[in-house]
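> Let me see the structure of the following:
(chains A and B)
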Number of protein chains: 2
Amino acid sequence: MFNIFSLKGGISNVKGFFCDGVNVGLKESDEDVAFIRSEVLCDISARFTTNRFQASPIVHFKKYPKDFKTNFLLINSKNANAMTGKKGVEDIDEIFNRLSNYIEIENPIMSSTGVIGYRLDREKITSSFDKFDFNAKNSDRLARAIMTTDSFKKELSFRVELNNGDSFNIAGVCKGAGMINPAMATMLCFITTDAKIPKDDMEELLGYATDKSFNRISVDGDTSTNDTIMLLSNGLSNSYNREAFREALNRITFELAMMILKDGEGANKLIAFEVKGAKDNKEAQKVSRALSNSLLVKTALFGEDPNWGRIASTIGASGVECSEESLEIYYNNLLIYSNEQRELDKIREEKAYKIMKQDSFKIICNLGVGSGEFTSYGCDLSYEYVKINAEYRT
Amino acid sequence: MFNIFSLKGGISNVKGFFCDGVNVGLKESDEDVAFIRSEVLCDISARFTTNRFQASPIVHFKKYPKDFKTNFLLINSKNANAMTGKKGVEDIDEIFNRLSNYIEIENPIMSSTGVIGYRLDREKITSSFDKFDFNAKNSDRLARAIMTTDSFKKELSFRVELNNGDSFNIAGVCKGAGMINPAMATMLCFITTDAKIPKDDMEELLGYATDKSFNRISVDGDTSTNDTIMLLSNGLSNSYNREAFREALNRITFELAMMILKDGEGANKLIAFEVKGAKDNKEAQKVSRALSNSLLVKTALFGEDPNWGRIASTIGASGVECSEESLEIYYNNLLIYSNEQRELDKIREEKAYKIMKQDSFKIICNLGVGSGEFTSYGCDLSYEYVKINAEYRT
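The predicted structure follows:
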């Protein structure tokens, strides 16, 4: 038995972790470079983008031996340090070379987000070292520093109390708003904990939590060069319980993923695409992701139009086993389509409008051919999305 | 040797074919029901959508025996007669049952486009029979009747003169603007010819022409329930030459496909995504289609932003063999990215801006790993697209 309590703030709440963010001129005014460091060495578990062009910070990370430990993570926004080749990695080494004059670092790692294809401005980034308070616990500034097109900061933290009186804390911070795809998003997510978690559990539980959260959200179906989720643990609480940790980690990753979706560029609605009755889970996943990525479905959601034809058409185009006769579509609990009830009468159409006006609802598709299930999460597509992404670099 | 001459107008130019379009109240005022008929029986070759939910007109078509001949095609807009089950097919039978009181029909076929999920209004549609001039050659009214979100009609015709003095005509009409995906679009395309073409050639040459045209364009990556391309030949010219016909058919389908793309909902630019140097043609196709479907690429094109990072990222995410070192990206002939030249300097950036301001240009990606090639065609994504598709049904 255990209890999980929400805390105010983020990574500052975790024992032995320090963080800060400053402005060095990458952004016009807001924080743009940040760090997370631990007073003792941390275990790390990380998942990276499946994009073939992995950004330099990821290449740099992978040069360390397996199971390396670290005490320092540097993060910048506005520049992804991606498609920058060997020089992109050398830049990171040089930056850490200079950092070692300021503070003791071991196997430092970096994470970047922003525009692809430009070398880092080493002078600007290293100028942060004079500005950081390395003993700060300022998670608010960290959360702001990693934002790009995000319209709000994304951090949260939990205290986990175990039955035997022991307790540990866990906290997460992330960024992401556009270019979000199931298979990881343009998102960075850093989770820290003082739980004394075995390395094997870290790997397993982070994988599970990622599959149930960040790998199920879609804003626009694009997968970036920099996507990263990282779990850092320093063990300083000296306590651990697998079930409790698993639950807290799942909640952190799911809630952060939903924050990203709510902040989906120009998005107004958060939709769960719940697919049931598919031949198998894989086919359910195929349909669910096709729905959350379909432009026609997304624009119909924005227009609050209960046009189930676009949903049906997307299912039919996804290449899975299905039939007009066995298919059923619901908005929340409202039956929208079945073999017997195809045309929307006025009463059901009115009810459907009401559901679609909500900020958040479910679209449930029962294919009626097997027992495969999958749920993914998406949002609508608005004028704002086009505007944000047409103007991103300028 | 042969010569191909462009004619004014469309299907009216083909010997023995008649066509007309009228308004019966499906649209507020414009033509909404049309026919194409031939004074003698025609051979037919057709390609249909790969969507699992094929619309009722397609199900109806497939009930005829292989190699059937027809003399009548009825077309309506505003209602797709899709996801309407058995009743959707019965409606078509009933409509043709009534038509047989007006004119002699043999194996009549139907084609529909519009909203999914509603039964046809049989009374309205059959009211067209009193309004049609069955001996008209009014391809303009036909071309207008099949439009949905199209902003202009799409028809063209050629006269093919052979060396021996023989000649034949070929003409096409199509509709389509949104929901266009490589693997056929929400598009209907009807091609008629008086060439005396063998049935085997019809099948083979239509397949080839479709693969090189409609199967290479993308507006939004969705594939509809009704997509149809049909070739009708009545042989009345008594002349034929395979090479000449092939050339004329390819030109018709390619030009009609480009018209659809130019009319892509809210689109302002027509882009060729030319992929070379892939491991094989299949991988080249995968990249080319990923680029033409990427929201981030499409919005960057709309913003006229030479942000090659989004192109690179999309290539990397497409799952094909590629590397930062061997990749090259060009806009027309301008090198935008190579291993040696990664950051855009001011001069090349200015040149890139100029290219992107054009209505049409090429994005060439050389993956540098093999000799696979594929070109597909796409357009930008504007505010207008969202507006049109958020409001489509209303």
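> measure A:Phe158 to chain B for me?
33 Å (C-beta to the nearest C-beta, to the nearest Å). No exception for glycine: its C-beta is placed from N, CA and C like everyone else's.
> Let me see the contact set for that residue.
By C-beta atoms under 8 Å, 6 or more residues apart in numbering or on different chains, A:Phe158 lies in contact with A:Ile4, A:Phe5, A:Ser6, A:Leu7, A:Asn169, A:Ile170, A:Ala171, A:Ala248, A:Arg251, A:Ile252.
> Now intersect those residues with the helices, please.
Residues of the contacts of A:Phe158 located in helices (DSSP state H): A:Ala248, A:Arg251, A:Ile252.
> re earlier: would you list the contacts of A:Phe158 in JSON lines and tack on pLDDT?
JSON lines is the format used below for the contacts of A:Phe158 (pLDDT from 0 to 100):
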{"residue": "A:Ile4", "pLDDT": "96"}
{"residue": "A:Phe5", "pLDDT": "97"}
{"residue": "A:Ser6", "pLDDT": "96"}
{"residue": "A:Leu7", "pLDDT": "96"}
{"residue": "A:Asn169", "pLDDT": "98"}
{"residue": "A:Ile170", "pLDDT": "98"}
{"residue": "A:Ala171", "pLDDT": "98"}
{"residue": "A:Ala248", "pLDDT": "97"}
{"residue": "A:Arg251", "pLDDT": "96"}
{"residue": "A:Ile252", "pLDDT": "97"}
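> out of these, who's nearest chain B?
A:Ile252 (26.1 Å; C-beta to the nearest C-beta).
> beta partners for the nearest residue to that closest one once chain neighbours are set aside?
Leaving aside its chain neighbours, A:Ile252 sits nearest to A:Gly172 (4.4 Å; criterion: C-beta to C-beta, 6 or more residues apart in numbering or on different chains). For A:Gly172, the beta-bridge partners are A:Leu156, A:Ile191 (DSSP bridges).
> need the contact list for A:Gly172.
By C-beta under 8 Å, 6+ apart, the contact set of A:Gly172 is A:Gly10, A:Ile11, A:Glu155, A:Leu156, A:Ser157, A:Cys189, A:Phe190, A:Ile191, A:Thr192, A:Ile252, A:Thr253, A:Leu256.
> hmm, 7 Å instead?
For A:Gly172, the contact set (C-beta atoms under 7 Å, 6 or more residues apart in numbering or on different chains) comprises A:Glu155, A:Leu156, A:Cys189, A:Phe190, A:Ile191, A:Ile252, A:Leu256.
> Going along the chain, name the strands of the stretch 1-150 of chain A.
Secondary structure of the stretch 1-150 of chain A by DSSP state E, counting those that start in this stretch: the strands cover A:2-7, A:17-22, A:33-48, A:70-76, A:109-112.
> Now do the shortest one: which elements does it pack against?
For strand A:109-112, the packing partners by 3 or more C-beta pairs under 7 Å, 6 or more residues apart in numbering or on different chains; DSSP states H and E come out as helix A:56-62, strand A:70-76.
> ok, that strand: who's next to it in the sheet?
Within its sheet, strand A:109-112 is paired with strand A:70-76 (parallel), according to DSSP bridges.
> tell me the angle of the partner strand relative to strand A:17-22?
Strand A:70-76 and strand A:17-22 are oriented at 20 degrees to each other (axes from the mean of the first three to the mean of the last three C-alpha atoms, to 10 degrees).
> Contacts for strand A:70-76, please.
Contact with strand A:70-76 is made by A:26, A:32-38, A:41-42, A:44, A:105-112, A:125, A:145-146, A:190, as judged by C-beta under 7 Å, 6+ apart.
> try 8 Å
Against strand A:70-76 from outside (C-beta under 8 Å, 6+ apart): A:26, A:32-42, A:44, A:95-96, A:99, A:103-114, A:120, A:125, A:142, A:145-146, A:188, A:190, A:230, A:232.
> Narrow those residues to those that are buried.
A:26, A:32-38, A:42, A:44, A:95-96, A:99, A:105, A:107-114, A:120, A:125, A:142, A:145-146, A:188, A:190, A:230, A:232 (16 or more other C-beta atoms under 10 Å in any protein chain shown).
> Mind telling me which residue of the stretch 201-350 of chain A is nearest chain B?
For the stretch 201-350 of chain A, C-beta to the nearest C-beta, closest residue to chain B: A:Gly309, 2.6 Å.
> What's the nearest residue in the stretch 1-150 of chain A when you look at chain B?
Counting by C-beta to the nearest C-beta, the stretch 1-150 of chain A gets nearest chain B through A:Ile116, at 2.6 Å.
> That residue - nearest residue in space that isn't next to it in sequence?
Using C-beta to C-beta, 6+ apart, the closest residue to A:Ile116 is B:Gly309 (2.6 Å).
> helices or strands next to the strand or helix carrying the one you found in the packing?
Using DSSP states H and E, B:Gly309 sits within helix B:308-317. If you count contacts as 3 or more C-beta pairs under 8 Å, 6 or more residues apart in numbering or on different chains; DSSP states H and E, helix B:308-317 packs onto helix B:281-293, helix B:295-302, strand B:328-331, strand B:334-337, strand B:360-366.
> which SSE is A:Arg159 in?
Short version, using DSSP H and E: A:Arg159 is in strand A:154-162.
> Then A:Glu203?
Assigned by DSSP H and E, A:Glu203 belongs to helix A:199-211.
> and that helix with strand A:33-48, angle?
Here helix A:199-211 runs at an angle of 90 degrees relative to strand A:33-48 (the same axes, to 10 degrees).
> gap between helix A:199-211 and the chain center?
Between the centre of helix A:199-211 and the centre of its chain there are 15 Å (C-alpha atoms, centre = their mean, to the nearest Å).
> Please apply the same query to stretch A:105-115.
When distances are taken as C-alpha atoms, centre = their mean, stretch A:105-115 is centred 17 Å away from the chain's centroid.
> ok, now stretch A:373-382?
What separates the centre of stretch A:373-382 from the centre of its chain is 14 Å, taken as C-alpha atoms, centre = their mean.
> I would like the residues contacting that stretch, please.
A:182, A:216-220, A:257-258, A:261-262, A:264, A:266-278, A:281, A:284-285, A:287-289, A:291-293, A:295, A:298-299, A:301-302, B:386.
> Can you give me the distance of A:Asn293 to B:Ile109?
34 Å (C-beta to C-beta, to the nearest Å).
> What is the nearest of the contacts of A:Phe158 to B:Lys78?
A:Arg251 (48.5 Å; C-beta to C-beta).
> And the nearest residue to A:Asn135 once chain neighbours are set aside, what's its pLDDT?
In space, A:Asn135 comes closest to A:Phe18 once its chain neighbours are excluded; the distance is 5.7 Å by C-beta to C-beta, 6+ apart. pLDDT for A:Phe18: 98.
> What residues are bridge-paired with A:Phe18?
With beta bridges defined as DSSP bridges, A:Phe18 has these partners: A:Arg37.
> Count the residues that sit near it.
If you count neighbours by other C-beta atoms under 10 Å in any protein chain shown, A:Phe18 ends up with 22.
> Assess the claim that A:Ile95 and A:Leu120 are in contact.
Yes. Assessed by C-beta atoms under 8 Å, A:Ile95 is found in contact with A:Leu120 at 7.4 Å.
> For stretch A:322-331, list every residue counted as buried.
Within stretch A:322-331, the residues that qualify as buried are A:Cys322, A:Glu324, A:Leu327, A:Glu328, A:Ile329, A:Tyr330, A:Tyr331, counting by 16+ other C-beta under 10 Å.
> so where's the stretch 101-250 of chain A uncertain?
A:178-186, A:218-222 (pLDDT under 70).
> okay, now A:Asp201: neighbour count?
17.
> Ok, A:Glu321 next?
A total of 14 residues lie near A:Glu321 under the criterion other C-beta under 10 Å.
> which residues does the nearest residue to it once chain neighbours are set aside contact?
Using C-beta to C-beta, 6+ apart and skipping the chain neighbours, the partner closest in space to A:Glu321 is A:Lys279 (4.7 Å). Residues in contact with A:Lys279 (C-beta under 8 Å, 6+ apart) are A:Val320, A:Glu321, A:Leu367, A:Val369, A:Gly370, A:Gly372.
> Please repeat the previous calculation with a cut-off of 7 Å.
So A:Lys279 contacts A:Val320, A:Glu321, A:Val369, A:Gly370, A:Gly372 (C-beta under 7 Å, 6+ apart).
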